[in-house]
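Enquirer: next come a sequence and a model predicted from it.
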Amino acid sequence: MLPRVPLLSLLALVVGTGALSGAVRWNSVLRQPAEWYAGEEARAVAAHMLAYQSPEGGWPTDTDTTQPLPADYRPRPPTIDDDATTRPLEHLARVITATGDVALQEAFLRGFDYLLVAQYPNGGWPQYFPLREGYYSHITYNDGAMIGVMTLLRDASQGKEPFGFLDETRRTRAAAAVAKGLECILRTQVKQDGKLTAWGAQHDVNTLAPAWARKFEPPSLVSMESIGILKFLMTIPDPSPEIIAAIEAAVAWLGQAKLTGVREDHPPRPDVSHKHDRVLVADPAAPPLWARFYELGTNRPLYGSRDGLIHYDLAEIEPERRGGYAWHSTDPQKFLERDYPRWRKKHNLP
């Protein structure tokens, strides 16, 4: 593990860039033109990110690390949740590539090593590392956490921009980590009645079975995270028969899991913080809809309450959770109509 960037170096970097706080924030920091990453604002954002980096090398979630560190900030544990660590790493890599900044490179390597160390021996990644008790220690596909890590490590192992500065030893370690992660993906794909289906949002590190997360997130099969996994598998240039079988089985499951004849409406609901509700309405002309969670064994859509009770009817969920969580999506249809046929054509599958 590389040492922390000395405090004087960090302060010099912040002062040298003017500690800017511009219009570029967390959600847009990776969507800037290439030349921006060589500029003063990008370097200031990188300096702010260094201030949030934990001693272990990762970053906290639910924190806009593109902004200056508040005077009353209390350090929070590092995580791969919601791109908390992968997004700062990619920003740092882009600035390093554009400027050659040595101090930033040291911070990047600490964060990169953090991802490698956090991996379980079975190939999965926990949501938090160092490990925390509870669902935080599960193998986490939820919100694309593990796939985000594997995507960054894959690109870095191949020397893709902006990771061209990475040393050969770390590239080799990253490639091995991705290979182990792929094994974990294949091992955690759930079988029902002897047939492969999809994945859970989180899986127990020991049994590899889908596991509880928050009280309204039960062990189940999930549609959106499974699509994220499938898209990653489809990037493999020469897929093995096992990978092809995994993709075909999950696509078949998605086809069976779609909900037809209903749409999701969002009527106003002023008595809750998000000011809207979610209701399912009968509509024979509506496009296919997918639930977020499906019951293991039955494939029935599931809806959870904050009290830990699981329901089969969205209307039974309390208004705060019903309107404040993404229970359905039409996105799988785009995947089935566009990405999947392109993948089959690319590999000349019958």
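Expert: Perfect, I can see it now.

Enquirer: can you map out the helices along this protein?
Expert: Shown for the chain, the helices assigned by DSSP state H span residues 7-16, 40-52, 86-99, 102-118, 145-157, 168-188, 224-233, 241-257, 319-323, 331-334, 340-346.

Enquirer: which other helices and strands contact the fifth one?
Expert: With contacts taken as 3 or more CB pairs under 8 Å, 6 or more residues apart in numbering; DSSP states H and E, helix 145-157 sits against helix 86-99, helix 102-118, helix 168-188, helix 224-233. Just so you know, the C-beta spots here come from the backbone N, C-alpha and C atoms, and that holds for glycine as well.

Enquirer: to residue 208, which of those helices lies closest?
Expert: Ranking the helices and strands packed on helix 145-157 by proximity to residue 208 (CB to CB) places helix 168-188 first, at 5.0 Å.

Enquirer: what comes into contact with that closest one?
Expert: If you take CB atoms under 8 Å, 6 or more residues apart in numbering as the criterion, helix 168-188 is touched by 109, 112-113, 115-116, 119-120, 122-125, 139, 146, 149-150, 153-154, 156-159, 166, 199-200, 203, 208, 229, 232-233, 236, 242-243, 246.

Enquirer: you'd agree residue 258 is up against residue 290?
Expert: Yes - if you go by CB atoms under 8 Å, residue 258 and residue 290 touch, sitting 5.9 Å apart.

Enquirer: and for the two, which residues touch both?
Expert: The contact lists of residue 258 and residue 290 share residue 332, where a contact means CB under 8 Å, 6+ apart.

Enquirer: with neighbour numbers in mind, choose between these two.
Expert: Neighbour comparison, residue 258 and residue 290: the larger count goes to residue 290, with 22 against 16 (by other CB atoms under 10 Å).

Enquirer: any low-confidence regions in this protein?
Expert: Counting by pLDDT under 70, the chain contains low-confidence ranges at 1-22.

Enquirer: thinking again about what came up before, can you put the helices of the chain in JSON lines and add distance to residue 282 and mean neighbour count?
Expert: Shown next, in JSON lines, are the helices of the chain (distance: least, CB to CB, whole Å; neighbours: other CB atoms under 10 Å):
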{"stretch": "helix 7-16", "distance to residue 282": "57", "mean neighbour count": "14"}
{"stretch": "helix 40-52", "distance to residue 282": "48", "mean neighbour count": "22"}
{"stretch": "helix 86-99", "distance to residue 282": "41", "mean neighbour count": "23"}
{"stretch": "helix 102-118", "distance to residue 282": "46", "mean neighbour count": "21"}
{"stretch": "helix 145-157", "distance to residue 282": "35", "mean neighbour count": "23"}
{"stretch": "helix 168-188", "distance to residue 282": "36", "mean neighbour count": "17"}
{"stretch": "helix 224-233", "distance to residue 282": "24", "mean neighbour count": "22"}
{"stretch": "helix 241-257", "distance to residue 282": "19", "mean neighbour count": "17"}
{"stretch": "helix 319-323", "distance to residue 282": "18", "mean neighbour count": "18"}
{"stretch": "helix 331-334", "distance to residue 282": "19", "mean neighbour count": "16"}
{"stretch": "helix 340-346", "distance to residue 282": "28", "mean neighbour count": "14"}
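
Enquirer: tell me which of the ones you listed lies nearest to residue 308.
Expert: Of all these, it is helix 319-323 that lies closest to residue 308, at 11.4 Å by CB to CB.

Enquirer: ok, and what's touching the closest one?
Expert: Contact with helix 319-323 is made by 216, 266, 269, 271-274, 276-278, 303-306, 314-315, as judged by CB under 8 Å, 6+ apart.

Enquirer: for that helix, what is the distance to the chain centroid?
Expert: Centroid separation between helix 319-323 and its chain, computed with CA atoms, centre = their mean, to the nearest Å, is 23 Å.

Enquirer: no further questions, thank you.
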